[in-house]
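Engineer: predicted model follows, preceded by the sequence.
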Amino acid sequence: MPLQRPIPILVVDDEADLRLLLMEALEDMGYAPEGAEGGDRALARIRERHFPLICTDLNMPGGLTGLELIKAIHEVDDKALTILMTGYATTESAILALKHGAYDFIQKPFKLAEFEASIKRALEHYSLLRQNEDYQHNLEQMVEERTREILGLKDEIENLFEGFVNASITAIEARDPTTSGHSSRVATLTVGLAEVVNSTEGGRFGPIRYDERQIQEIKYASLLHDFGKVGVKDHLLVKAKKIEGERLELIFQRLHQRAVQRVMAEMERAWRAGDTFTEGRVAYLQEQVVLETQRLVALLMRANEPSVLPQDVSEGLIDVQPLTYKHWSGEERTLLTPEDFQMLQIRKGSLSLEERKAVENHVVHSYNFLKRIPWTEELKRVPDIAHAHHERLNGKGYPLGLAADEIPLESKMMAISDVFDALAAHDRPYKVAVSVERSLQILEEEAKSGLLDADLLHLFIEARVFQLTNLGKAAS
């Protein structure tokens, strides 16, 4: 409370003459004194208004003593200062007065100059206390305002980062539109599985509890786990067949050229031998060549599919490998180049070993990108979680080949979500969609093979986490 002039001062003394004398002196000094003949009356007045300073006698017969009054004053108004006036000043009484909360004490009889000096010291002290309170109050207000500004800035930064994450997902899907929605679905499934772990009591996951920030960390890692695809060549991301486009057309053109060359060679052989070459014989020969060509085309088309390569197709490719045609330059060349033969012999999928490594390298691209972001302390594990989502428990995952106990638990969750979505998705050009039931069976097979975490997969299936996305809702 700031001091307002004239400053009110309460004088408490049972001696009327002394009380009036002090009040007159205080009035001459420019103060606004009031008097009270005893402690009870003083307390009543103190409850009615605030007195910055109260001067009280020590001994007041028939009521509260000065020390008792001082104690009571601080219970009613803890900001008021008190000066104890006593005719029995001793070291003991002084200490006792200070213990009871008195600011100062004056020994009777005293000179008015001493009284005035004590009053000034007390009021200066009072002013300093109030100024400090005002400073503290203003400081608290400043801190509150600054805190609100910081929280507002924090919200803006979080909104900005959310926008950045969404823009990153848009960039990923622009590079690989066939997997549109994959990142968001994986994030939904992984966060859902983390929340199930949170609610699991006892067992391996009993002690694990993710707070709100950790859940957000898992979400961001899942949303950005495939960002590195921006560093992979476009045609590899959407490659539906082992050999595509002009390269495949060229193989079929060679087959057609070989067929024409065979008919012409047979006709030339008959002509040189003097054999009769009737129209029917020509038609028969053409039919046989066409049938063989169609058989070879069908074989190559089956071999070109990304599904598991059948044994009979693999053996048929070996028979095709030595077949030749005559190039326009006159040189005999094989229908299939060594590179074509190797591509068609891929056992599963549409990518060669070199191409597969290039695609798998998207995990490294993601990690290198995410490591450059100045994450907050709560989100600093985002790069590591995303980096390990293709690691497998048997150490045969990529890119680091981590063992089971080296893979973050959050990455193991993401691995299950990622594989499930890849299996059940309808939009992959290199595979047909797998039913939810079959997808879960494949996950269980991979868990038994030591690829995926069986305990986490059990929660994923038991809690029906897979139904959190539209792909999983197809299951009953």
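Structural biologist: Structure's in. What do you need?
Engineer: going forward, measure contacts between C-alpha atoms and count neighbours the same way
Structural biologist: Will do.
Engineer: ok so Leu440 is a helix residue?
Structural biologist: Yes: assigned with DSSP: H, G, I helix; E, B strand; the rest coil, Leu440 falls within a helix.
Engineer: contact partners for it?
Structural biologist: Listed by CA atoms under 8 Å, 6 or more residues apart in numbering, the contact set of Leu440 reads Phe420, Ile461.
Engineer: how far away is it from Asp421?
Structural biologist: Separation of Leu440 from Asp421 (CA to CA, to the nearest Å): 10 Å.
Engineer: likewise Gln261?
Structural biologist: Gln261 sits 50 Å away from Asp421, taking CA to CA as the criterion.
Engineer: lowest average confidence, helix or strand, in this structure?
Structural biologist: helix 234-237 (a mean of 66; mean pLDDT, DSSP states H and E).
Engineer: and the next element down the chain from that helix?
Structural biologist: Downstream of helix 234-237, the first helix or strand assigned by DSSP states H and E is helix 245-273.
Engineer: can you pull out the helices in the stretch 201-350 of the chain?
Structural biologist: Secondary structure of the stretch 201-350 of the chain by DSSP state H, counting those that start in this stretch: the helices cover 212-223, 234-237, 245-273, 279-303, 311-320, 338-344.
Engineer: so what's the residue nearest the centre of the chain closest to, chain neighbours aside?
Structural biologist: The centre of the chain sits closest to Glu217, judged by CA atoms, centre = their mean, with a distance of 2.3 Å. In this structure, Glu217 finds its nearest non-sequential neighbour in Leu379, 5.1 Å apart by CA to CA, 6 or more residues apart in numbering.
Engineer: got phi/psi on the one you found?
Structural biologist: Main-chain torsions, Leu379, degrees, to the nearest 10: phi -120, psi 10.
Engineer: that one and Arg213 touch, don't they?
Structural biologist: Yes: in this structure, Leu379 is within contact of Arg213 by CA atoms under 8 Å, at 7.4 Å.
Engineer: between these two, which is the more surrounded one?
Structural biologist: Each of Leu379 and Arg213 had its neighbours counted (other CA atoms under 10 Å), and the higher figure belongs to Leu379 (17 against 12).
Engineer: now the strands for this protein?
Structural biologist: Along the chain, counting by DSSP state E, strands occupy 8-12, 32-36, 53-57, 81-86, 104-107, 324-326, 332-334.
Engineer: what pairs with the fifth one, parallel or antiparallel?
Structural biologist: Partner strands for strand 104-107, per DSSP bridges, with pairing direction: strand 81-86 (parallel).
Engineer: same deal with the second one?
Structural biologist: Pairing partners of strand 32-36, with direction, according to DSSP bridges: strand 8-12 (parallel).
Engineer: for the strand it pairs with, give me every contacting residue.
Structural biologist: Under the contact criterion CA under 8 Å, 6+ apart, strand 8-12 has outside partners 19, 22-23, 31-39, 42, 51-57.
Engineer: what's the answer for stretch 189-209, then?
Structural biologist: Taking CA under 8 Å, 6+ apart as the rule, stretch 189-209 contacts 210, 215, 218-219, 222, 410, 413-414, 417, 456, 459-460, 463, 465-466, 468-469.
Engineer: follow-up on the earlier one: return the distance of the residue nearest to the centre of the chain relative to Val186.
Structural biologist: Separation of Glu217 from Val186 (CA to CA) stands at 14 Å.
Engineer: and the nearest residue to Asp226 once chain neighbours are set aside, what's its pLDDT?
Structural biologist: Spatial nearest neighbour of Asp226, chain neighbours left out: Ser366 (6.4 Å); criterion: CA to CA, 6+ apart. pLDDT, Ser366: 86.
Engineer: hang on, isn't Ser366 packed against His387?
Structural biologist: Yes: judged on CA under 8 Å, Ser366 makes contact with His387 at a distance of 7.1 Å.
Engineer: what sits in contact with each of the two?
Structural biologist: Residues touching both Ser366 and His387 by CA under 8 Å, 6+ apart: His225.
Engineer: those two: which is more packed in?
Structural biologist: Higher neighbour count among Ser366 and His387: His387, with 27 against 21, using other CA under 10 Å.
Engineer: list the contacts for Leu309?
Structural biologist: Ala303, Gln345, Ile346, Arg347, Lys348.
Engineer: how's this structure carved up into domains?
Structural biologist: Domain assignment for the chain, taken from automatic domain parsing, gives 8-133, 176-230+357-474, 245-350.
Engineer: who wins for proximity to Leu160 among the ones you listed?
Structural biologist: domain 176-230+357-474 (13.3 Å; CA to CA).
Engineer: distance between the closest one and the chain's centre?
Structural biologist: Mean C-alpha position of domain 176-230+357-474 versus that of the full chain (CA atoms, centre = their mean, to the nearest Å) differs by 14 Å.
Engineer: in the stretch 301-450 of the chain, where is pLDDT below threshold?
Structural biologist: 426-433 (pLDDT under 70).
Engineer: any idea how far Arg281 is from the residue in the chain sticking out farthest from the centre?
Structural biologist: Most distant residue from the mean C-alpha position of the chain: Gly274, 84.5 Å away (CA atoms, centre = their mean). In this view, Gly274 and Arg281 are 14 Å apart by CA to CA.
Engineer: pLDDT weak spots in the stretch 151-300 of the chain?
Structural biologist: 174-179, 231-232, 234-238, 276-278.
Engineer: recalculate using a threshold of 90.
Structural biologist: Applying pLDDT under 90 to the stretch 151-300 of the chain picks out residues 151-184, 202-203, 224-300.
Engineer: neighbouring contacts of stretch 248-255?
Structural biologist: Contacting residues not belonging to stretch 248-255 are listed as Thr293, Val297, Tyr325, Leu335, Leu336 [CA under 8 Å, 6+ apart].
Engineer: among those, which one has the most neighbours?
Structural biologist: Neighbour counts for the contacts of stretch 248-255, by other CA under 10 Å, peak at Leu335, which reaches 23 neighbours.
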